[in-house]
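Peer 1: Compute the structure for the input listed below.
(chains A and B)
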Amino acid sequence: MKVKIDKHKLNNEKLIVYNKPEKVYIPLISGNDTNITILAKKGEYVYKGSIIGKRKGDFRIPIHSSVSGTVLDFEEKTCYTGEKVKCIVIENDFKEKIEQKLSIKKTINKYSKEEFLELLKENGIIGMGGAGFPTYVKYEAKNINTLIVNAVECEPYIMADYALAKIKCEEILEAIDAILEINNIKEAIIAIKKENSELKQVFDNFIGTYLKIKIKLVPNVYPMGWEKVLIKEVTGKDYQNYPSDEGIIVNNISTIYAIYEALKYNKPLIERIVTFQGEGLERPSNVLVKIGTPVEEILNELKIKPNSIIVAGGPMMGKKVDELVISPNLNCVLALNDNNNIVSPCVLCGKCVSVCPVKLSPVLIMKSKKEPKKLKKFHPEKCIGCGLCSYICPAKLFVRERVSEAKNIVRGDK
Amino acid sequence: MGPFLRDQNNTNKIMVRLLISLLPIVIFVIIKNGYLPYKEGLISFIEMFNPLLNIFIGALSSLAIESIYALILKKRNYIKNSYAFLPGLFLGLILPLHTPIYVIVLGSVVASISKLIFGGFGKNIFNPALIGYLFIVLVFSSILTTDNYFNEYELDTISKPTPLTNASMVSGIGSYDELVKPYGDLSNFLIGTIPGSLAETSALLCIAAYVYLVITKTIKWRIPLIYVLTVFVMTFCIGRLLNQGIYYPLFHILSGGLMFGAVFMATDPVTSCVTPIGQILQGLLLGIITVIFRFVGVEGVAFSILIVNMLVFLLDKIGIVARFNFLKALIWFILIWIIIIVSTIILANTHKTDGNKDPDFNIISKEENTNQTIYNVSQKGYGGSIKAQVIIENDKIISLEITSHHETSNRYQLIIDNNYLEQLIDHQEDIENLDTVSSATVTSTALKKLVKNVLLDYKPN
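Peer 2: Reported below is the predicted structural model:
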């Protein structure tokens, strides 16, 4: 069962551009991997788009500077995971100088597949909806037949993809068309929630010339934006390990637009649109920001009310943070009132069982003994952390946290 | 810690909705057992509120016990979230109208203690109210007799015991005339204008409460639905096998504590399954056990729920396996369906001959003379066998004499005072239409059967 949660729509449709951070703190994290080779030295001058770090291991994705200026220092800052991450501090000289790059072709669908993969990799394109998985890896899969463009905006409050799609509709369609042609993919389906059907109308104005691109409206439920649920809804298919098992790739709107900029301008992923929302803000807005910008500056600009708490991410899966820097896969920052829900004892109502999208039985996991052998039968490792169990709990218990503790116990045993 | 959005629902709201759903039932109870007898001038104005008193006494006793518990253990916050009044409140609702106050108090105390023994709210295995009920059944069994169930108005108008006691006197199988007609028709069963426990009579209001509680997502909807459906299907099949009409399964689902128990007791969140498959299995099991109990001759809703309470843990284990792989749980469904089919067939077969022969009736001796036949027979009455000598002359009973009995003396006195034995002889041709003696319904019904059975033996057909 999926749950309908109020959207908390953002009324302000104006996109604010915030490109004047005095310093940026580029987090040395890619996906959730902090194993990064640092390529910039203290005191060195870097250009906007210069490679300043590279992920180690299998996915050698580079990290770019989002401003031109001098590398000041390395500092620990909180990033989207809610944990402190080493960041490269760069002082902005506001000159926006770009490193000279090789000239590139202007027609974005004329690349070979190899060139396409190389462009995605070198420009650091990663999934901008959540996990930050390197996008080029997805396209390395063979026999892809469907591209699903995720414009669902899974969690309430988040409107970043919606805002981007509205203003860059033509570019997004162009990019999808190019991706289909380069990768020899049969069709693309743009998934939009029914409550955002205005977005469908915007696409409808341009979609006539793109015969391979379709739009599908999906139900207004959470977690609709989760890959597994979305694929099931759009294609009716279930996959075992990866969507590519069924010949499917899912990219969200922001990622598609980042691919567009990489193909068209060879531009790395150094800025993105982030939704700043919540009752703690006087001027909630979508903001175009540079990666590494400290959110405090933006929150002050949007007039944050005193005693608000800051949440990195959406209201369901986000983490409470004291400070925060923008990373490529952070789509939302919330300023909320500090509502302390009063916790009462569990009544075993079973609601968490009926809402769990991966069919866990959270209440039984919570009540069972913390022994790995016994816990295994409940399969807590399947938890995706969507938070629906905590959301629905009438006793206001922190059900998800208990399940993820069980998950850790089971994983530790393996 | 997140999520930072929470559903508006909370435990308090759940409990408030539960109480709201009980409100129409309580109002109905006061109208049926208070206002109607008062209007007829049978009780005083104050006595009109007796049903309410039962419920309040129960609720207060439970609240008191848990408050003492919280005080002793210095758990100040415990009482805030424990909804301590519920066990006694529900117990008050499922007891007969004329239950003595001290019995309600004791029952409620036992109910709450049964909850506290397991560690209090949210930890108990058994439905507390039903433990209280079980205690009363065991210790004060005489309280749960026919007369206590009747309000003063029903005592005057209905000449039979409660519908299920009446049904058990014919071992569960009977014709429409035997089972339903003494109380009006099935609409009386639906609306609830039949004798029975305080809140259990109105099936309609229980269904209304169910709909409200399901729409507001307050209770586990599968359990009551499957439970009642199982009872319906089983009694329908038994009825078909014994050539009874559709009234028969309807009689079963509309009488006794089935609807009330299914909606309010079987769905008690703490003591019921959390997994959907577990809930379905729970409903099926409840149905089977209730039907079997009813054919054995006791109202089995309370006991079925308590028995299944013990199995909830196991059923949820099946439920978890089924969530990941339904086929693995299929064996349990097959097993339960086999039990349903087998028990249906057995129940139907063991009751097949009942149309002609009454197991409670025995012919001790039969002496056939030229113009007289003298029977010495026994028939099960209220307190044991009633033995009698019946003399038939010219195909008619001319004498009926009780030789021994175990009925209470005041009951027996009522039979004598009403010249009931003479009445039986006078009405031997249309014995069905003879009224029973109020306050001695079981005894008088037994005597009616005795006469009927003797005549059946003397003149089959």
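
Peer 1: which regions of chain A sit below the pLDDT cut-off?
Peer 2: A:1-2, A:101-106, A:413-414 (pLDDT under 70).

Peer 1: domain assignment for it?
Peer 2: Here the domain assignment for chain A is A:113-265, A:351-413, based on automatic domain parsing.

Peer 1: Please enumerate the helices of the stretch 51-200 of chain A.
Peer 2: Using DSSP state H, counting those that start in this stretch, the helices of the stretch 51-200 of chain A run over residues A:113-122, A:135-139, A:160-167, A:169-183, A:197-204.

Peer 1: Packing partners of the next helix or strand after the last one?
Peer 2: Right, helix A:197-204. Counting by DSSP states H and E, the element after helix A:197-204 in chain order, helix or strand, is strand A:213-218. Judged by 3 or more CB pairs under 8 Å, 6 or more residues apart in numbering or on different chains; DSSP states H and E, strand A:213-218 is in contact with helix A:169-183, strand A:187-193, helix A:197-204, helix A:227-235. (C-beta placed from N, C-alpha, C; glycine too.)

Peer 1: which of these sits most buried?
Peer 2: With neighbours taken as mean count of other CB atoms under 10 Å in any protein chain shown, the helices and strands packed on strand A:213-218 reach their highest mean count in strand A:187-193, at a mean of 21.

Peer 1: ok, which residues in chain B are in contact with chain A?
Peer 2: B:1-7, B:9-14, B:81-82, B:121-122, B:217, B:220, B:269-270, B:272-276, B:279, B:316, B:319-320, B:323-324 (CB under 8 Å from any CB of the partner chain).

Peer 1: any idea how far the residue nearest the centre of chain A lies from residue A:225?
Peer 2: Closest residue to the average C-alpha location of chain A: residue A:129 at 2.1 Å, with CA atoms, centre = their mean. Distance of residue A:129 to residue A:225, given as CB to CB, to the nearest Å: 7 Å.

Peer 1: what about the host helix or strand of residue A:404 and chain B, any contact?
Peer 2: Assessed by DSSP H and E, residue A:404 sits inside helix A:399-413. Yes. Helix A:399-413 lies within reach of chain B by CB under 8 Å from any CB, at A:400-401.

Peer 1: partner strands of the helix or strand where residue B:397 lies, parallel or antiparallel?
Peer 2: Using DSSP H and E, residue B:397 maps to strand B:396-404. Looking at strand B:396-404 with DSSP bridges, its partner strands are strand B:385-393 (antiparallel).

Peer 1: And the contacts of the strand it pairs with?
Peer 2: B:362, B:364, B:371-380, B:397-407, B:443, B:446-447, B:450-451, B:454, B:458 (CB atoms under 8 Å, 6 or more residues apart in numbering or on different chains).

Peer 1: Burial check on residue B:52, number of neighbours?
Peer 2: 16 (other CB atoms under 10 Å in any protein chain shown).

Peer 1: and the gap between the spatially closest residue to residue A:92 that is not a sequence neighbour and chain B?
Peer 2: Once flanking residues are discounted, residue A:92 sits nearest to residue A:67: 4.2 Å by CB to CB, 6 or more residues apart in numbering or on different chains. Using CB to the nearest CB, to the nearest Å, residue A:67 is found at 31 Å from chain B.

Peer 1: coming back round to it: thinking the residue nearest to the centre of chain A is in contact with residue A:256, fair?
Peer 2: No. With contact defined as CB atoms under 8 Å, residue A:129 and residue A:256 do not form a contacting pair (10.7 Å).

Peer 1: Which positions in the helix or strand where residue B:283 lies come out as buried?
Peer 2: Using DSSP H and E, residue B:283 falls within helix B:276-296. By 16 or more other CB atoms under 10 Å in any protein chain shown, the buried positions in helix B:276-296 come out as B:276-295.

Peer 1: In the stretch 101-250 of chain B, what residue comes closest to chain A?
Peer 2: Nearest to chain A in the stretch 101-250 of chain B, going by CB to the nearest CB, is residue B:122, at a distance of 4.5 Å.

Peer 1: what about residue 124, neighbour count?
Peer 2: Since no chain was named, I'll use chain A. With other CB under 10 Å as criterion, residue A:124 counts 26.

Peer 1: my bad, the chain I had in mind was chain B
Peer 2: 21.

Peer 1: Surely it is in a strand?
Peer 2: No. Residue B:124: not assigned to a strand; according to DSSP: H, G, I helix; E, B strand; the rest coil it is coil.

Peer 1: That one and residue B:117: what is the separation?
Peer 2: Note on residue B:124: its distance to residue B:117, by CB to CB, is 8 Å.

Peer 1: what do you get for residue B:22?
Peer 2: 26 Å.

Peer 1: again with residue A:260
Peer 2: Distance from residue A:260 to residue B:117, by CB to CB: 67 Å.

Peer 1: Counting neighbours around each, name which of these two comes out higher.
Peer 2: Set residue A:260 next to residue B:117 and count neighbours by other CB under 10 Å: residue A:260 wins out with 22 against 14.

Peer 1: thought residue A:270 was touching residue A:47?
Peer 2: No. Using CB under 8 Å, residue A:270 is not in contact with residue A:47, being 10.8 Å away.

Peer 1: Tell me which residue in the stretch 51-200 of chain A sits closest to chain B.
Peer 2: Closest point on the stretch 51-200 of chain A to chain B, by CB to the nearest CB, is residue A:156, at 6.2 Å.

Peer 1: That residue against residue A:222, yeah?
Peer 2: Yes. Residue A:156 is within contact range of residue A:222, at 7.4 Å (criterion: CB under 8 Å).

Peer 1: Find the residues that touch each one of the two.
Peer 2: Here residue A:156 and residue A:222 have A:5, A:316 as joint contacts, going by CB under 8 Å, 6+ apart.

Peer 1: Between those two, which has more neighbouring residues?
Peer 2: Higher neighbour count among residue A:156 and residue A:222: residue A:222, with 26 against 21, using other CB under 10 Å.

Peer 1: thinking again about what came up before, which among the contacts of strand B:385-393 count as buried?
Peer 2: If we count by 16+ other CB under 10 Å, the contacts of strand B:385-393 have these buried: B:373, B:375, B:377-380, B:397, B:400, B:402, B:405, B:407, B:443, B:446-447, B:450-451, B:454, B:458.

Peer 1: I'd like the distance between residue B:442 and residue B:194.
Peer 2: 17 Å.

Peer 1: One more: residue B:219?
Peer 2: Distance from residue B:219 to residue B:194, by CB to CB: 25 Å.

Peer 1: so is the residue of the stretch 251-400 of chain B found nearest chain A in a helix, a strand, or just coil?
Peer 2: Proximity of the stretch 251-400 of chain B to chain A (CB to the nearest CB) peaks at residue B:274, 3.6 Å away. Following three-state DSSP, the label given to residue B:274 is coil.
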